[in-house]
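Undergrad: kindly return the folded structure for what I paste below:
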Amino acid sequence: PLDSMSAATQTNFTIDKNLGHPVSALPVSPLYDEVLLKFGASLSANTVYQLTVSNISDCAGNLVGAINTSAAGLPVSATRFDIVINEIFFNPPANGYDYIELYNRSNKVIDLKNLYICNVNVTGNFTNIRALSGKSQLLFPGKYFVITENAEWLHRNYFVKDKSTIVELPALPSMPDDYEHIAVINIQGDHIDALQYDKKWHFALIDNEEGISLERINYNDSTQNQNNWTSAASTAGFGTPGYQNSQFRADLSAQAQVSVSPKIFSPDNSGADDFASIHCLQNEPGYVANITIFDEKGRPVRHLIRNASMGISAVFHWDGLDDQHQLGVEPHQGLPRQGAGPLRAERLEAVLGAGEVGAVEDPRARAGEPRSFTSSEKIACAAGGGVGALMQLQPQCIPNRSQQVVGVQRTPHHHVRGAQLHRFHGAFHVPL
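TA: Predicted coordinates for the structure are as follows:
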């Protein structure tokens with residue numbers, strides 16, 4: 001417990017942004033492990049303050065040490081998608097415990113005591129409702145919060161950067177090893193976020209998912225998109241409770257209508273560039289996308305996307321696997337390959353490979369001259385080695401939308417390194 005005399009001294013507390021000292025400081029009995037501070041000016045919403053404490057001691061006379069600052073703020077109500085389910089651990093080893101990680105992707109300070117985690121049954125009703133916190137606990141913007149039934153077990157078995165992010169609850173909602181529907185709701189019963197997970201979302205080459213968490217790739221993308229989830233990396237110990245996911249991929253602005261990143265990716269679940277992201281940016285919504293991956297001989301090996309409705313932008317992920325969930329694609333040019341190995345992506349239309357790649361010149365186009373194609377035409381996937389992808393963007397049934405492909409620039413060279421992305425309006429050859 002705190003020494004009540006020092007804890008009641010207003011000048012021992014200071015908050016930034018010109019608020020200064022509180023006008024009163026009241027230690028809270030009977031435990032005296034909290035102090036109620038009142039300030040002369042109001043705190044602003046959506047603002048994170050820093051509270052500094054000095055000259056405070058416990059009953060044994062031990063003064064506060066160097067770690068004497070804490071975030072503070074005025075909590076506001078969470079709305080849909082402010083807090084998202086960011087990582088789930090639903091298949092622990094024997095005698096282990098599940099955990100759920102949440103992330104505050106908003107600019108709000110949110111009090112977790114007003115939120116609940118639960119299951120959703122087949123009729124849409126909430127079951128197994130658990131309060132996220134029994135007392136006021138603030139979750140600040142960009143911060144993580146983990147709930148589990150045994151915090152000590154989690155500390156012993158997984159790396160935890162900050163123990164304050166881990167909170168132990170008496171019980172979690174039901175989380176079977178195969179699939180389940182969980183949700184974060186507020187006191188009014190409104191959805192903040194919800195997820196119907198499935199063990200099939202794990203990396204396809206993992207033989208046993210036990211002890212491996214399922215991580216969200218991008219907290220700004222849809223929660224229910226299975227392509228936005230994958231297994232935690234082995235290099236991160238198969239779980240990242242309370243800090244940035246090992247498979248996190250930030251939003252990347254597309255430099256053209258279609259772009260792919262990274263240029264080199266290795267589908268080995270190492271946590272380093274395990275998948276390629278195909279970024280699509282359109283001038284207007286109302287298109288559907290189809291993406292097919294081809295091997296070095298031009299044979300389709302993965303029908304990645306079929307008739308996906310698109311808005312202004314969309315991101316699709318490829319994990320390097322074919323339709324049979326095998327590593328059916330090899331780099332070309334005889335480069336060494338170990339295990340899953342690196343796949344090199346050149347900025348060349350429809351080519352993914354390792355080393356220098358080749359492209360076949362379209363005889364219908366001359367250097368520097370634009371060539372128009374209709375959206376129904378398919379330009380041959382680049383020959384000469386490498387993996388390719390053909391992406392077609394076709395308008396949905398919207399009147400007066402042009403389907404003409406315009407402004408295609410071609411290079412006269414047979415062998416090309418780092419050619420620029422060719423942009424089509426109705427169909428795209430995608431550089432992978």
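Undergrad: show me the contacts for residue 46.
TA: 76, 107, 108, 109 (CB atoms under 8 Å, 6 or more residues apart in numbering). All C-beta spots, glycine's among them, are computed from the backbone N, C-alpha and C.
Undergrad: those residues: which two are farthest apart?
TA: 76 and 107 (10.0 Å; CB to CB).
Undergrad: A helix includes residue 6, no?
TA: Yes - assessed by DSSP: H, G, I helix; E, B strand; the rest coil, residue 6 belongs to a helix.
Undergrad: run a quick neighbour tally on it.
TA: Neighbours of residue 6 under the rule other CB atoms under 10 Å: 20.
Undergrad: surely it touches residue 27?
TA: No - using CB atoms under 8 Å, residue 6 makes no contact with residue 27, being 9.3 Å away.
Undergrad: so residue 102 is in which element?
TA: strand 99-104 (DSSP states H and E).
Undergrad: that strand: how far from the chain's middle?
TA: Distance, stretch centre to chain centre, for strand 99-104: 12 Å (CA atoms, centre = their mean, to the nearest Å).
Undergrad: mind jotting down where the helices sit in this structure?
TA: Listed in chain order, the helices of the chain (DSSP state H) span 4-7, 151-157.
Undergrad: comparing those by mean pLDDT, which bottoms out?
TA: Ranked on mean pLDDT, the bottom entry among these is helix 4-7, at a mean of 90.
Undergrad: that one: how far from the chain's middle?
TA: On CA atoms, centre = their mean, the centre of helix 4-7 falls 45 Å from that of its chain.
Undergrad: likewise stretch 23-39?
TA: 39 Å.
Undergrad: same deal with stretch 182-201?
TA: Per CA atoms, centre = their mean, the centroid offset for stretch 182-201 relative to its chain is 16 Å.
Undergrad: who's in contact with it?
TA: Contacts for stretch 182-201 (CB under 8 Å, 6+ apart): 77-85, 88, 90-91, 100, 102, 114-120, 126, 129, 132, 173, 175, 177-181, 209, 214, 223-224, 226, 229-230.
Undergrad: now those residues: which count as buried?
TA: Restricting those to buried positions leaves 78, 82-85, 88, 90-91, 100, 102, 114-120, 126, 132, 173, 175, 180-181, 209, 214, 223, 229-230, with burial counted as 16 or more other CB atoms under 10 Å.
Undergrad: ok, back up a step: is it possible to mark the buried ones in the contacts of residue 46?
TA: 108, 109.
Undergrad: residue 17: how many residues sit nearby?
TA: Residue 17: 12 neighbours (other CB under 10 Å).
Undergrad: how much space separates it from residue 154?
TA: Distance, residue 17 to residue 154, by CB to CB, to the nearest Å: 35 Å.
Undergrad: what does residue 52 give?
TA: As for residue 52, its distance to residue 154 is 31 Å (criterion: CB to CB).
Undergrad: the more surrounded of these two?
TA: residue 154 (25 against 13).
Undergrad: which residue sits closest to the more buried one in space, ignoring its chain neighbours?
TA: If the residues on either side of it in the chain are set aside, residue 154 comes closest to residue 148, at 5.3 Å by CB to CB, 6 or more residues apart in numbering.
Undergrad: which residues touch that neighbour?
TA: 97, 98, 99, 100, 154, 166, 167, 168, 169, 172, 241.
Undergrad: over to residue 240?
TA: Applying CB under 8 Å, 6+ apart to residue 240 gives the contacts 87, 101, 158, 159, 213, 215, 232, 246.
Undergrad: could you export these as a markdown table, including pLDDT?
TA: What follows is the contacts of residue 240, written out as a markdown table (pLDDT from 0 to 100):
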| residue | pLDDT |
| --- | --- |
| 87 | 98 |
| 101 | 98 |
| 158 | 97 |
| 159 | 95 |
| 213 | 96 |
| 215 | 95 |
| 232 | 90 |
| 246 | 89 |
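Undergrad: from these, which land in strands?
TA: Mapping these onto strands (DSSP state E) picks out 87, 101, 215.
Undergrad: what bridges to the last one?
TA: Under DSSP bridges, the beta-bridge partners of residue 215 are residue 87, residue 230.
Undergrad: now distance to residue 140 too, for the helices of the chain, in CSV please.
TA: CSV is the format used below for these (distance: least, CB to CB, whole Å):
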stretch, distance to residue 140
helix 4-7, 24
helix 151-157, 20
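Undergrad: can you list contacts of the strand holding residue 102?
TA: Residues outside strand 99-104 that contact it (CB under 8 Å, 6+ apart) are 82-89, 110, 117, 132, 139-148, 154, 172, 175, 182, 184, 213, 216, 219, 239-242.
Undergrad: one more time with 7 Å, if that's ok
TA: With CB atoms under 7 Å, 6 or more residues apart in numbering as the test, strand 99-104 has contacts from 82-89, 110, 117, 139-148, 154, 172, 184, 219, 241-242.
Undergrad: check stretch 133-143 too.
TA: So stretch 133-143 is contacted by 48, 71, 73, 75, 83, 104, 106-113, 145, 167 (CB under 7 Å, 6+ apart).
Undergrad: show me which positions of that stretch end up buried.
TA: 133, 137, 138, 139, 140, 141, 143.
Undergrad: cool, stretch 193-212 as well?
TA: Across stretch 193-212, burial judged by 16+ other CB under 10 Å covers 193-195, 197, 199, 201-205, 209, 211-212.
Undergrad: closest one to residue 313 out of the residues you listed, please.
TA: residue 193 (21.0 Å).
Undergrad: state the distance from the closest one to residue 81.
TA: Distance, residue 193 to residue 81, by CB to CB: 6 Å.
Undergrad: shared neighbours of the two, anything?
TA: Looking at what touches both residue 193 and residue 81 (by CB under 7 Å, 6+ apart), there is no common residue.
Undergrad: against residue 49, how distant is the most centrally placed residue in the chain?
TA: Central residue of the chain (CA atoms, centre = their mean): residue 218, 1.8 Å from the mean position. Separation of residue 218 from residue 49 (CB to CB): 29 Å.
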